[in-house]
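Peer 1: A structural model of the following input is requested.
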Amino acid sequence: ELGLIKQAIDADTWNIITTTNTVFLCVSTVIVTLVLFYVLLKVIKYSVLKDGKGKMCAMEYFNFIKKLLKEK
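Peer 2: Coordinates of the predicted model:
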């Protein structure tokens, strides 16, 4: 109807398509995970600044995050 020609895809082309799809899916998953992690870090950092806390050790950060999650 639109002047398109239907043609069978050979095995090599199909393998290239599936490999490209897999790579795109993996890269997209990693990017989304990193963005979510970055946003979480910024939310925590903003909350720390809002509470007026200075430098904290790892245990203080852990306790602060626990307190922050319990509040919400």
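
Peer 1: going forward, measure contacts and count neighbours with C-alpha atoms only.
Peer 2: Fine.

Peer 1: mind giving me the packing neighbours of the helix ranked longest in the chain?
Peer 2: If you go by DSSP state H, the chain has its longest helix at helix 11-50. Judged by 3 or more CA pairs under 8 Å, 6 or more residues apart in numbering; DSSP states H and E, helix 11-50 is in contact with no other helix or strand.

Peer 1: quick one: name whatever helix or strand follows it.
Peer 2: Next along the chain after helix 11-50, taking DSSP states H and E as the criterion, comes helix 58-71.

Peer 1: and that next one, C-alpha only, in CSV?
Peer 2: Extracted C-alpha coordinates of helix 58-71, given in CSV (Å, rounded to 0.1, in the frame of the first residue of the first chain):
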residue,chain,number,x,y,z
ALA,A,58,30.1,7.1,57.4
MET,A,59,28.2,5.9,60.5
GLU,A,60,26.6,9.3,61.0
TYR,A,61,25.5,9.3,57.3
PHE,A,62,24.0,5.9,57.8
ASN,A,63,22.1,7.0,60.9
PHE,A,64,21.0,10.2,59.1
ILE,A,65,19.7,8.2,56.1
LYS,A,66,17.8,5.8,58.5
LYS,A,67,16.2,8.8,60.2
LEU,A,68,15.4,10.4,56.9
LEU,A,69,13.7,7.3,55.6
LYS,A,70,11.7,6.8,58.8
GLU,A,71,10.3,10.3,58.6
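
Peer 1: so how far is it off the chain centroid?
Peer 2: Mean-position distance between helix 58-71 and its chain equals 22 Å (CA atoms, centre = their mean, to the nearest Å).
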